[in-house]
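J.: Following is a predicted model, sequence given first.
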2 protein chains.
Amino acid sequence: VLVEGRHFRRDWSSARDVGHRAAAANLADIAAMGATPTALLVAFCAPPDLELTWAEELTDGLAAEAGTAGAAIVGGDTSSSPVLTIAVTALGDLGGREPVVRSGARPGDRVAYAGRLGYAAGGYAALSRGLDGPLVLVEAHRRPIVPYRLGPAAATAGATSMIDVSDGLLADAGHVASASRVGIDLDSASFAVPAELAEAARALGTDPLGWILTGGDDHALLATFPADVAPPEGWQTIGRVVSGDSGGGSAGVTVDGHRYEAGPPGWDHFR
Amino acid sequence: VLVEGRHFRRDWSSARDVGHRAAAANLADIAAMGATPTALLVAFCAPPDLELTWAEELTDGLAAEAGTAGAAIVGGDTSSSPVLTIAVTALGDLGGREPVVRSGARPGDRVAYAGRLGYAAGGYAALSRGLDGPLVLVEAHRRPIVPYRLGPAAATAGATSMIDVSDGLLADAGHVASASRVGIDLDSASFAVPAELAEAARALGTDPLGWILTGGDDHALLATFPADVAPPEGWQTIGRVVSGDSGGGSAGVTVDGHRYEAGPPGWDHFR
């Protein structure tokens, strides 16, 4: 559910962008279970003075993003409300497969991701400082690019667990670690930091790895695969599952063997 | 989607009642397609100062109503918002049957309903005048009693169309008439007006048939059956499908052969 002022600002995102984001956030959840998205249901609450074109463009964005994922809007509800609110439910088809859940990671598994990491966080950082670029990052904040087909591809390849990265890589890896009662160790050297991300981070005086590890809203997919399974094309290995049950949160996730919350030198900007 | 101040008032309904209504309104839609409800997804938006017990009791009501229908809450989302808002999506299982839709009514079919009609409207009328009774009607406004199992029963018996009565009998019969490109004639003598409804209407100086024909929110089921099919137990025949395509709305619905919008003598209180 997206609430104006909490999840989006009409002066930062167009109605079409909000539609794309609202749909993508839900469709990514379907892909992250290994299913192919099929349908969206949308509850739309708006103040009576909302311009009709805003609602029409929102619908265009929802429908376009659904189409990208292979789904369609099939129903919903509308109401007037003092607060612009959009609640989306996504449905999908597992094609007879079992769903890939968060609890299936096993020690020794590879950890891999597909999609983009840190872009939306970089865009948010830029917008928060009143900048309207770099465009690729600002656009990423407004409209995520989700690798929908790589979810079912990972499931077919034998992924043991999967999640979409909406809260941030460390946080969502923590959800997998917690549900699977394992630890996850990420290898910072395995992240090829894209040049456009590195450049923008330098301009804003920050470390791009911070955006990659803690930035949310890109809706990349994060999965674990058995050690003898090569992740499908589009997936990049970034770590491995280790034994250990931290008891929850991102406490079970380490980077280069160090606990995130231990705050080793140079890591303070993630706190 | 239910928005505080539009669809419910916290001084008129308890949190548990709101949960029952929010669930029932969606579960009834599933039953009205001939399906057995299986699951609810709930998006819940609340102001930060909402008492925790209100949210807990809402959940109790949602879960209890889902249980009555044979379903369970399986997921959803929460957010803070200035306006208390509850968006519910219901899922169901057709058991291999085709869904019963609004467009299947054929001239000659019987029209029948199951459940209660006019109770919620009577309760609303009482509450609007500052009364807190009759209890059975006020309770009906707060918490509908939906005959969930009679939806799939009607489908199995061969219902040609079905809808739940949320807008009012004439309005929802109009939706069926419009979608099926037929007319519907209701027989006012076939409505056995319950004594409690007649008594409350007398006390408030109105005609109980007005509540029955135009009152919404009881979520009775309305269906059409082929003339040679006896509606299952729990269904009462109240009219028949006639030929004619009115072009939409309740224009295609008549009561005792008279068009509702023609306003025959004695019918002004429905306008």
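T.: Received the coordinates, thanks.
J.: Now name the helix or strand holding A:I184.
T.: If you go by DSSP states H and E, A:I184 is part of strand A:183-186.
J.: in the helix or strand following that strand, what counts as buried?
T.: Per DSSP H and E, the first helix or strand lying C-terminal to strand A:183-186 is helix A:195-203. Buried residues in helix A:195-203, defined by neighbour count with 16 or more other C-beta atoms under 10 Å in any protein chain shown: A:196-197, A:200-201. The way it works is simple: take the backbone N, C-alpha and C, and place the C-beta from them, glycine included.
J.: Farthest pair within those?
T.: Farthest pair in the buried residues of helix A:195-203 (C-beta to C-beta) is A:E196 and A:A201. Separation: 9.7 Å.
J.: what's next to the strand or helix carrying A:D164, contact-wise?
T.: Using DSSP H and E, the element containing A:D164 is strand A:161-165. The contact list for strand A:161-165 (C-beta atoms under 8 Å, 6 or more residues apart in numbering or on different chains) reads A:28-29, A:31-34, A:100-105, A:109, A:113, A:115, A:117, A:146, A:151, A:154-155, A:172, A:175-176, A:179-180, A:216, A:218-224.
J.: try stretch A:176-188
T.: Contacts for stretch A:176-188 (C-beta under 8 Å, 6+ apart): A:101-107, A:111, A:161, A:163, A:169-170, A:173-174, A:209, A:213, A:222, A:224, A:238-250, A:252-257.
J.: How far does that stretch sit from its chain's centre?
T.: Stretch A:176-188 has its average C-alpha position 17 Å from the chain's average C-alpha position, going by C-alpha atoms, centre = their mean, to the nearest Å.
J.: now that stretch: mean pLDDT?
T.: Across stretch A:176-188, pLDDT averages out at 95.
J.: what's whatever residue of the stretch 151-271 of chain A ends up closest to chain B in contact with, if anything?
T.: Closest residue of the stretch 151-271 of chain A to chain B, C-beta to the nearest C-beta: A:S166 (11.1 Å). By C-beta under 8 Å, 6+ apart, the residues touching A:S166 are A:25, A:28, A:172, A:216-217, A:219.
J.: now the helices: where do they sit in chain A?
T.: Secondary structure of chain A (DSSP state H): helices at A:15-31, A:52-69, A:119-128, A:135-142, A:150-157, A:169-180, A:195-203, A:208-214.
J.: So which bits of the last one are buried?
T.: Read it as helix A:208-214. Judged by neighbour count using 16+ other C-beta under 10 Å, the buried positions of helix A:208-214 are A:208-214.
J.: Who does the residue nearest to A:H7 when sequence neighbours are not counted form a beta bridge with?
T.: In this structure, A:H7 finds its nearest non-sequential neighbour in B:S79, 7.2 Å apart by C-beta to C-beta, 6 or more residues apart in numbering or on different chains. Here B:S79 sits in beta bridges with B:C45, going by DSSP bridges.
J.: So for B:S79, what pLDDT did the model give?
T.: According to the prediction, B:S79 has pLDDT 96.
J.: my read: it touches A:R6, true?
T.: Yes - shown here, B:S79 and A:R6 form a contact pair, counting by C-beta atoms under 8 Å, at 6.0 Å.
J.: Which of the contacts of stretch A:176-188 fall within strands?
T.: A:111, A:161, A:163, A:222, A:224, A:238-242, A:253-255 (DSSP state E).
J.: May I ask which of these has the most neighbours?
T.: Of all the ones in strands among the contacts of stretch A:176-188, A:T224 has the most neighbours under the rule other C-beta atoms under 10 Å in any protein chain shown, reaching 32 neighbours.
J.: For the spatially most central residue of chain A, which non-adjacent residue is closest in space?
T.: Closest residue to the average C-alpha location of chain A: A:H219 at 1.8 Å, with C-alpha atoms, centre = their mean. Closest residue to A:H219 apart from its sequence neighbours, by C-beta to C-beta, 6+ apart: A:A28 at 4.0 Å.
J.: From what I see, the one you found and A:Y148 are in contact.
T.: Yes - counting by C-beta under 8 Å, A:A28 touches A:Y148, with 7.4 Å between them.
J.: residues touching the residue nearest to A:H7, list them.
T.: With contacts defined as C-beta under 8 Å, 6+ apart, the neighbours of B:S79 are A:1-3, A:6-7, B:43-45.
J.: let's see it at 10 Å
T.: A:1-3, A:6-7, A:85, A:87, B:43-46, B:85 (C-beta atoms under 10 Å, 6 or more residues apart in numbering or on different chains).
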